[in-house]
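Asker: need a 3D model of the sequence below.
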Amino acid sequence: MSRVGKNPVSIPEGVTVDLMATEGLLKAKGAVGELSLGVHDAVSVKVESGAVVVSPKGNSKVARSMWGTTRNLVANLVEGVHKGFDINLEIVGVGYRAAVQGQDLVLQLGYSHEVKYAIPQGITIQCEKPTMIKVSGASRQLVGQTAAEIRSFRPPEPYKGKGIKYAGERLLRKEGKKK
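Answerer: You can find the predicted model right below:
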């Protein structure tokens, strides 16, 4: 029995949730943006009295496993259009920096060339300092994927800690060679 799936997702003020039963889509619209979610066939979703209720269709293993998953996806959808999500990245290294130029994020990471990353639609990237990157948007999946792609250009190395890391990430540091 899903402990997560039992809890209904409350809809805050300013957010509208519509269920398209024929298409199997759940659409949410709020201050940050508009998102939609495809509902799995093994679960049923109902919008009633200011909350979204997810319940399984039957007692199969797939229905039970998709019950909690769908409930959390709906919760992320509602929270994303209401508040949005953001991830902060830190750049560590001498001469390493980032800047937003138009629709591109330009990174200087110690390579012989600049790394240009095209900012996806629905994502905003800000660089308050040259060594801090803030990735924000309505979709939790897209924000996390974008942050992971930016981090992959120069992941932090274990000896000096140089590279791009998540803010607050603890790195396992290694000791260098000894004489």
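
Asker: in this structure Gly30 contacts Gly14, no?
Answerer: Yes - taking contacts as CB atoms under 8 Å, Gly30 lies within contact range of Gly14: 5.9 Å. To be clear about C-beta, it is placed using only N, CA and C from the backbone, and glycine gets the same treatment.

Asker: residues that sit against both of those two, list them.
Answerer: Common contacts of Gly30 and Gly14, defined by CB atoms under 8 Å, 6 or more residues apart in numbering, comprise His82.

Asker: between the two, point out the one with more neighbours.
Answerer: For Gly30 versus Gly14, neighbours defined as other CB atoms under 10 Å are more numerous around Gly30 (23 against 11).

Asker: wait, what's in contact with the most centrally placed residue in the chain?
Answerer: A centroid search over the chain (CA atoms, centre = their mean) returns Arg140, at 2.7 Å, as the residue closest to the centre. By CB under 8 Å, 6+ apart, the contact set of Arg140 is Asn76, Glu79, Gly80, Phe85.

Asker: repeat that for Gln141.
Answerer: By CB under 8 Å, 6+ apart, the neighbours of Gln141 are Asn76.

Asker: is it in a helix, a strand, or coil?
Answerer: Following DSSP: H, G, I helix; E, B strand; the rest coil, Gln141 is assigned to helix.
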